[in-house]
Each structure stands twice: as C-alpha cells, then as structure tokens.
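Fold the following for me, if possible:
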Amino acid sequence: MPRIIIDMDEVLADTYVKFIDLHEQRFGRRPSAEELHGIKVYDLPEAAELRKAMYDPGFFRDVALFPDAAEVVRELYDAHEVFIVTTATEFRYSFIDKYNWLEEHLPFIHHTRIVFCGDKRIVHGDYMIDDKVSNLAGFNGTGLLFTSFHNVHATGYRRVNNWLEVRDYFRALANGAETA
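Sure, this is the predicted structure:
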C-alpha cells in the first residue's frame, strides 16, 4: 500500500488567506495577486512583522480548509497509507492549534497518522504533497508540488494546483497510468 505524506500549511490549510486578512487588518488593504507572485505575504516590505503572528496562540486554529481537500484526503486515506506531516516545532502554540484543526476538518485521520516535526527529511514514503521545494528536495519518494503564490516559479517537481488534481493524479496511478 503506497504511503502518502501530506503537508498541512498551504496544502490542506490556506494560511495565505490568513496572512492576507492580517495584512488588511494591519495596513488597511489586501495585497494583489501580482504583489504576492513568487513570495510569501510576510515578505512584502511593509509586512515583515506579520510573520510574528505565527507565534501567537490561535493563529493556526481558524485557518480555512482548501476546497475539496477533505473529500480527496478521505478517498486517499481509504486506499493508501496517509500521514499528515507538518512542521510545528518553531511555533510552540501551533501543536495544539494544528491538532484541533485536524480533528475538526479531517476527523477520520487517526492520531497515529499525524506527525509534528521540525525537519521533514525524517519522514519516508512513496509520495509527498507539499508546497515547499525544500521539503520535497529531501524526500526519498515522488514529490508533488502543491501550487501556492510563493512557489509559482519553482520547477523540477510534478505540480498539482488543487485537490481535484491531486485526486486525478492518484486515480490515474491506480488505473495504471504513468503520471509521475
């Protein structure tokens, strides 16, 4: 049974929208898609302090779930060995926030299939779905790059733009297609 590693932030949970909302609260405007092309929200010149919000209790608790994520993850979970792997050691309050978020949005994921870590090179599997090239680079299996504003220029990995594309990729594999 193939093992699929799924990242949380910017793959399951839309942290970009959270940062855009914070930017609007702090600076009175929402950054445009053009401004965010190829960068993180907190890399905007006026917004470097926004990254500090990740250290606050509750930051990760109310992040939106990406469309179709729950249904597709459920389908994958029923047919594969799925682990949710997220970095959480830098942001001490993120542990409980992320765990509670997963219980709310993906209650079918068993607690033994949730991994909090500081460096994803410790995990092994057949497939990893992540938005960070640095995480995919250290992975031993096939990396699927989940599109986000900050990685639009990245190359070298199979790109998936949304959860329906993830579903289609794994359905094609199950049907014998060579999509990797």
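
Of all the residues in stretch 72-81, which ones are buried?
72, 73, 75, 76, 77, 80 (16 or more other CB atoms under 10 Å). Where C-beta positions appear, they are placed from N, C-alpha and C, glycine not excepted.

Could you check how far that stretch is from the centre of its chain?
Chain-centre distance of stretch 72-81: 16 Å, with CA atoms, centre = their mean, to the nearest Å.

same check, this time on stretch 83-103
Worked out by CA atoms, centre = their mean, stretch 83-103 lies 12 Å from the chain centre.

that older thread, of the buried residues of stretch 72-81, closest to residue 93?
residue 73 (24.1 Å; CB to CB).

hmm, back to that, want to throw the buried residues of stretch 72-81 into JSON lines with pLDDT and secondary structure?
JSON lines is the format used below for those (pLDDT from 0 to 100; DSSP: H, G, I helix; E, B strand; the rest coil):
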{"residue": "72", "pLDDT": "99", "secondary structure": "helix"}
{"residue": "73", "pLDDT": "99", "secondary structure": "helix"}
{"residue": "75", "pLDDT": "98", "secondary structure": "helix"}
{"residue": "76", "pLDDT": "99", "secondary structure": "helix"}
{"residue": "77", "pLDDT": "99", "secondary structure": "helix"}
{"residue": "80", "pLDDT": "98", "secondary structure": "coil"}
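
of those, closest to residue 174?
residue 80 (9.3 Å).

What average pLDDT does the longest strand along the chain get?
Taking DSSP state E as the criterion, the chain has its longest strand at strand 81-87. Averaging pLDDT along strand 81-87 gives 97.

In PDB, list the C-alpha atoms belonging to it.
What follows is strand 81-87 as a C-alpha-only set of coordinates in PDB (Å, rounded to 0.1, in the frame of the first residue of the first chain):
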ATOM      1  CA  GLU A  81      -1.300   4.800   4.000                       C
ATOM      2  CA  VAL A  82      -1.800   8.500   4.500                       C
ATOM      3  CA  PHE A  83       0.200  10.600   7.100                       C
ATOM      4  CA  ILE A  84      -0.300  14.300   7.800                       C
ATOM      5  CA  VAL A  85       3.200  15.700   8.400                       C
ATOM      6  CA  THR A  86       3.600  19.300   9.400                       C
ATOM      7  CA  THR A  87       6.400  21.400  10.900                       C
END
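
I'd like to know which of the buried residues of stretch 72-81 is nearest to residue 101.
Closest to residue 101 out of those is residue 73 (13.2 Å), distances taken as CB to CB.
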